[in-house]
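S.K.: For reference, the sequence and a predicted model appear below.
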Amino acid sequence: MERIIMHIDVNNAFLSWTALYLLKNGSKYDIRNSYAVIGGDEQTRSGIVLAKSTPAKKLGVVTGETLYSARKKCKVLRTYPPNFKFYQEMSNKLFDLISKYSPDIEIASVDECYLDYTKIKNMQGDPLEFASRLQKEILDELGFTVNIGIANNKLCAKMASDFTKPYKIHTLYQNEIKEKMWPLEVGELFGIGKKTAPKLNKLNIYTIKDLANTQPEILYPHFKNQSEHMINWANGIDNSPVISIPPEPKGIGNEITLDHDVKDAMEIYKYLLFLSEKVGTRIRKQKKYANVIVVILKDSNFKKYSHQKKLHTPTDSTEEIYNTAKIILREMHEDESIRLIGIRLDNLTDKKIKQVSIFDEEKEENNIDKVLDEINDKYKNKIRKASLIKK
């Protein structure tokens with residue numbers, strides 16, 4: 001049976017939801033129709049534009065710029081603080097509404113999800129007609145609009161929902177990829193980041209079609225194992241399932257939700273060090289070793305993503321965890337504002353295959369970690385290795 005996947009995405013979620021909150025609490029006008037932005041305190045790192053109204057967008061205001069810069073473009077701009085508690089409340093209502101049609105939904109972030117329509121097509125009918133009914137129901141019951149993309153897989157459904165906004169429904173079935181997706185700039189392909197697109201341009205790859213027709217050996221020196229994935233994406237190939245309930249993590253992990261947005265990699269390193277010490281201590285207490293290290297990030301728009309690295313030799317060393325996490329961060333972080341940072345150790349094993357050439361060094365490293373664990377247990381995490389602090 002041919003899969004049918006829908007991607008449902010709230011139009012301008014933070015601004016729309018703030019507008020609803022204000023209207024429910026006595027406001028006389030809808031800020032969606034005014035020169036308005038959602039942003040934090042200009043005196044802090046969070047003083048940036050998180051969302052902007054359509055009138056503000058027409059004057060050149062962009063998400064991510066400082067409020068000071070935005071006001072230069074729009075003298076009458078009004079700023080409203082984010083209301084994350086209310087955003088989560090509206091998010092829950094949205095997903096509850098969609099879930100009554102099918103349990104097969106995957107929440108991608110606070111304002112978007114995937115719906116596997118395959119199993120309910122016979123009951124709900126034509127996908128376009130259902131999407132139209134769902135759009136109207138969300139608007140009538142919850143008061144905001146959504147875009148819906150319809151395709152044969154998650155990647156193409158996500159691409160389709162972004163074509164034009166707001167309050168639109170788009171399809172991107174397999175037979176429409178060459179016509180609708182290939183002419184787009186390569187940077188518009190889902191999964192291609194801000195740093196990756198310029199690298200592809202240097203290889204004379206400017207459109208998604210260019211990437212789709214590129215041989216893997218041309219990309220491999222620059223993108224290693226990601227090369228084949230990127231070419232598949234450009235051809236609209238994505239076999240990932242809609243996962244309605246995230247699997248229970250089998251590894252050891254810790255996460256930190258930050259009290260302000262962080263962009264600077266050096267500042268993120270400090271949190272990675274702290275997390276490396278946490279997970280390192282936990283894995284040594286369980287007398288296990290990790291084959292895979294995963295770094296998790298969540299940006300200021302609540303979009304959560306991760307990247308992992310498989311080790312040649314299983315480890316329980318804090319220093320190796322930290323150094324590997326830094327390598328992973330450099331591969332995945334593209335200057336976006338970060339709200340949450342995490343490290344997870346996966347594919348755990350009870351045994352470690354040691355390389356003879358570095359046996360003595362590893363043994364000494366492991367002994368130091370264990371001594372520090374004992375001291376920190378006794379004195380409540382007062383000690384850390386100077387070698388890590390310097391790094």
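M.R.: Happy to help now that I have it.

S.K.: From here on, just use CA atoms for contacts and neighbour counts.
M.R.: Fine.

S.K.: mind checking how far stretch 70-83 is from the chain centre?
M.R.: Taking Cα atoms, centre = their mean, to the nearest Å, one finds the center of stretch 70-83 at 26 Å from the center of the full chain.

S.K.: hmm, I was thinking of stretch 283-290
M.R.: 29 Å.

S.K.: Repeat that for stretch 32-52.
M.R.: Its chain's C-alpha centre lies 21 Å from the corresponding centre of stretch 32-52 when counted by Cα atoms, centre = their mean.

S.K.: Do a quick rundown of the strands in the stretch 1-150 of the chain.
M.R.: In chain order, the stretch 1-150 of the chain shows strands spanning 5-10, 36-39, 49-52, 78-80, 105-109, 112-116, 146-151, with DSSP state E, counting those that start in this stretch as the criterion.

S.K.: if we compare the ones you listed, which one ends up closest to Tyr29?
M.R.: Nearest to Tyr29, of all those, is strand 36-39, at 11.8 Å by Cα to Cα.

S.K.: strands paired with that closest one, and their directions?
M.R.: When pairing is defined by DSSP bridges, strand 36-39 lines up against strand 49-52 (antiparallel), strand 78-80 (parallel).

S.K.: of all these, which lies closest to Ile237?
M.R.: Closest to Ile237 of the strands paired with strand 36-39 is strand 49-52 (Cα to Cα; 31.4 Å).

S.K.: rank the strands paired with strand 36-39 by pLDDT, which is bottom?
M.R.: When the strands paired with strand 36-39 are ranked by mean pLDDT, strand 49-52 comes last with a mean of 90.

S.K.: before we move on, back to that, now render the strands paired with strand 36-39 as a markdown table, adding distance to Glu255 and mean neighbour count.
M.R.: Formatted as a markdown table, those follow (distance: least, Cα to Cα, whole Å; neighbours: other Cα atoms under 10 Å):
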| stretch | distance to Glu255 | mean neighbour count |
| --- | --- | --- |
| strand 49-52 | 23 | 24 |
| strand 78-80 | 29 | 17 |
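
S.K.: Out of these, flag the one nearest Ala325.
M.R.: Taking Cα to Cα as the measure, the strands paired with strand 36-39 were each checked against Ala325, and strand 49-52 came out nearest at 27.8 Å.

S.K.: Identify all contacting residues around the closest one.
M.R.: Counting by Cα atoms under 8 Å, 6 or more residues apart in numbering, strand 49-52 makes contact with 12, 14-15, 36-40, 61-67, 70, 300-301, all of which sit outside it.

S.K.: Please repeat the previous calculation with a cut-off of 10 Å.
M.R.: Strand 49-52 is contacted by residues 12-16, 31-32, 34-40, 42, 57-58, 61-70, 77, 79-82, 300-301 when judged by Cα atoms under 10 Å, 6 or more residues apart in numbering.
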